[in-house]
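Engineer: generate coordinates for the sequence data below:
(one chain, ligands or ions: 2)
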Amino acid sequence: MVTSAAPTTRVTVPGPRPYDVLVGSGLLAAGTEVDALLGAAEQVAVVHPPMLRSAARALAEALDGAGRRTTLAEVPDGEPAKDAAVATELWSLLGRAGFTRTDAVVGLGGGATTDLAGFVAATWLRGVPVVHVPTTLLAMVDAAVGGKTGINTAEGKNLVGAFHPPAGVVCDLSLLTTLPRADLVSGLAEVVKVGLVGDPRVLDLVEADPDAASDPDRPVLRDLVERAVRFKAEVVGEDLHDRGRREVLNYGHTLGHALERVSGYAWRHGDAVSVGMVYAAELSRAAGRLPPADVDRHREVLASLRLPLSCAGGRWPDLLDAMRVDKKARGSVLRFVVLDGIGKPGVLADPNPAWLLDAYEKVSA
Ligand SMILES: NC(=O)c1ccc[n+]([C@@H]2O[C@H](COP(=O)([O-])OP(=O)(O)OC[C@H]3O[C@@H](n4cnc5c(N)ncnc54)[C@H](O)[C@@H]3O)[C@@H](O)[C@H]2O)c1
Ligand SMILES: [Zn+2]
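Structural biologist: Ligands and ions are numbered 1, 2, ... in the order given. Coordinates of the predicted model:
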């Protein structure tokens, strides 16, 4: 049981169509918060993985009780949901149910589910409202906020998608109590990233009590989620279409994505980003931009959460190739988000190859 009885926090994501992210405990059970975000929708499709079937049923009952007509749309667990064939099935379901422009989709699940649900909502009739109910830490602090939606193709991850900000997001922290520990810890890497690039108070909170920070029953995690959501809201509010400011969210992701790719996605995203952040810190140090003590701080805070600090050695040429095709590279010139101090992100374009290799040696076992 989550003991925190603190009232729900509301973070508004600014932009042409501002929306609210609610953070609290037990928010899903009554369905009231989700219902309030669904506007005039007569019909609602709740997209969810098998794992969240009973939560989806309870939500559907609550929405039906509030006078809406709800359809449950169960999709495969995790990444296999982000597939054109699954999107096609959902379009058919919406077509058969006669979904109009004012009807709405709910994405209930981890980031894979919210990415798929958002994509289907973005494309059905050129855009119907979507409300996200993220159920993993990663989805709460990252995937469900910011309006990026998408699916994968055989050629790579997230290659097909659309910017489609949700009508609202409901983060119910009590859902995190069933999340496997490894997924919770992986999500914390994105929280630490926020501490490193924008809100150093996040680092203080984790450092003060790393165990409490990774316990969904303690209020510290809630504080961390709220801080991470606020930071992401501020950044995407300024740069929805990823043309500038949003790049800071990519800290640790250039090597992180390469590790995921080269391993055939055997790495959890947050684990790869953890190593990627140590790499980016080492690169910042090699470039003379970050003091060694701040690099040590990266290692200490990540290790305190049992996040990985290194990867197997011997893969440098593959990783370098993978980094060159990363979407953050412009042409084939490598671009890294680096730090000029904790909370002071900057960009390093076309770095000295010796620094790149030196930083790799520091993170490969
Ligand atoms: N759109 C964006 O801006 C953005 C940002 C970051 C990541 N993403 C995407 O998010 C996805 C990764 O998200 P994820 O880590 O949430 O993965 P995921 O959706 O695959 O969920 C991980 C696992 O946790 C299970 N699960 C979900 N909620 C649970 C709960 N409450 N209790 C127990 N198990 C639960 C899921 O069924 C799944 O097996 C990737 O596809 C990535 O591309 C998108
Ligand atoms: Zn990420």
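Engineer: what mean pLDDT does stretch 281-293 have?
Structural biologist: When pLDDT is averaged over stretch 281-293, the result is 98.
Engineer: name the secondary structure element that contains His257.
Structural biologist: helix 253-262 (DSSP states H and E).
Engineer: against Phe231, how distant is the most centrally placed residue in the chain?
Structural biologist: In the chain, the residue lying closest to the centroid (C-alpha atoms, centre = their mean) is Asp142, at 2.6 Å. Asp142 sits at a distance of 11 Å from Phe231 (criterion: C-beta to C-beta, to the nearest Å). Heads up, the C-betas are built off the backbone N, CA and C, glycines and all.
Engineer: then Arg10?
Structural biologist: From Arg10 to Phe231 the distance is 16 Å (C-beta to C-beta).
Engineer: who has more neighbours out of those two?
Structural biologist: Each of Arg10 and Phe231 has its neighbours counted (other C-beta atoms under 10 Å); Phe231 has more, 23 against 12.
Engineer: so what's the more buried one scoring on pLDDT?
Structural biologist: For Phe231, the model assigns a pLDDT of 97.
Engineer: then Ala29?
Structural biologist: For Ala29, pLDDT reads 85.
Engineer: what about it, how many neighbours?
Structural biologist: Ala29 has 14 nearby residues by other C-beta under 10 Å.
Engineer: kindly report the same for Thr88.
Structural biologist: Neighbour tally, Thr88, other C-beta under 10 Å: 11.
Engineer: now swap in the one 4 residues further on and tell me
Structural biologist: Other residues near Ser92 number 10, with proximity taken as other C-beta under 10 Å.
Engineer: also the one 10 residues further on?
Structural biologist: Neighbour count of Thr102, defined by other C-beta under 10 Å: 14.
Engineer: buried set for the biggest helix by length in the chain?
Structural biologist: Taking DSSP state H as the criterion, the chain has its longest helix at helix 219-238. Within helix 219-238, the residues that count as buried by 16 or more other C-beta atoms under 10 Å are 219-237.
Engineer: how about the lowest-mean-pLDDT helix or strand in the chain against ligand 1, any contact?
Structural biologist: Lowest mean confidence among the helices and strands of the chain (mean pLDDT, DSSP states H and E): helix 27-30, at a mean of 88. No. Remark: helix 27-30 sits outside contact range of ligand 1, by C-beta under 6 Å from any ligand atom, the gap being at least 10.1 Å.
Engineer: can we start the residue count at 44 from this point?
Structural biologist: I'll keep to 44 as the first residue from here, and by that count the last item is helix 70-73.
Engineer: by contact count, what packs against that helix?
Structural biologist: Under the contact criterion of 3 or more C-beta pairs under 8 Å, 6 or more residues apart in numbering; DSSP states H and E, helix 70-73 touches helix 96-108, strand 211-215.
Engineer: extract the CA atoms of the longest strand out of those in the chain and return them as PDB.
Structural biologist: Looking across the chain with DSSP state E, the single longest strand is strand 199-206. Output of strand 199-206 as PDB, limited to C-alpha atoms (Å, rounded to 0.1, in the frame of the first residue of the first chain):
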ATOM      1  CA  GLY A 199      14.700   0.300 -36.600                       C
ATOM      2  CA  LYS A 200      13.000   1.700 -33.600                       C
ATOM      3  CA  ASN A 201      10.600   4.600 -33.600                       C
ATOM      4  CA  LEU A 202      11.100   5.200 -37.300                       C
ATOM      5  CA  VAL A 203       7.400   5.900 -38.000                       C
ATOM      6  CA  GLY A 204       5.500   8.300 -35.800                       C
ATOM      7  CA  ALA A 205       3.900  11.600 -35.200                       C
ATOM      8  CA  PHE A 206       4.000  14.500 -32.700                       C
END
